[in-house]
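>>> sequence and computational prediction follow.
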Amino acid sequence: QVELVESGGGLVQAGGSLRLSCAASGSTFSLYSMGWFRQAPGKEREFAAAMSQRGGSIYYADSVKGRFTISRDNAKNILYLQMNSLKPEDTAVYYCAARRGAATISSLDFGSWGQGTQVTVSS
């Protein structure tokens, strides 16, 4: 079972940027497809981005496409989410998740989760 720890969240003004990191340990990182999900107060957890084991397949939610970039460094066991042109509606707790198998956009397919990191975008 892979263990995941997110970092890099914080408070940023609208239009600003943040880069989230997700450090993996306890298992072979390169065997896992990875995803970023987010949950705003009072809302359900939603998909943001996902990437396959070697990056050959990448998916984005329409709401973040063109602004967010998911990437991974399998040598360092780290997943990233570069977030640019941030909007107040991007405010949420961001979670990274891992699954053995193909990348998907459904949170139900991911079996390992981090504790989350808060991103707050002020207007």
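Perfect, I can see it now.

>>> contacts for stretch 62-70?
For stretch 62-70, the external contacting residues (Cβ atoms under 8 Å, 6 or more residues apart in numbering) are 34, 36, 48-51, 58, 60, 79-86, 89-90. In short, each C-beta sits where N, CA and C put it, glycine included.

>>> show the buried residues in those.
Among the contacts of stretch 62-70, the ones that count as buried by 16 or more other Cβ atoms under 10 Å are 34, 36, 48-51, 60, 79-81, 83, 86, 90.

>>> so which of the contacts of stretch 62-70 sit within strands?
In strands, judged by DSSP state E, the following of these are found: 34, 36, 48-51, 58, 60, 79-83.

>>> could you dump these to TSV with pLDDT and distance to Ser106?
Below are the ones in strands among the contacts of stretch 62-70 laid out as TSV (pLDDT from 0 to 100; distance: Cβ to Cβ, whole Å):
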residue	pLDDT	distance to Ser106
Met34	98	14
Trp36	98	13
Ala48	98	13
Ala49	98	13
Ala50	98	9
Met51	98	15
Ile58	98	16
Tyr60	98	14
Leu79	98	18
Tyr80	98	21
Leu81	98	18
Gln82	98	23
Met83	98	22
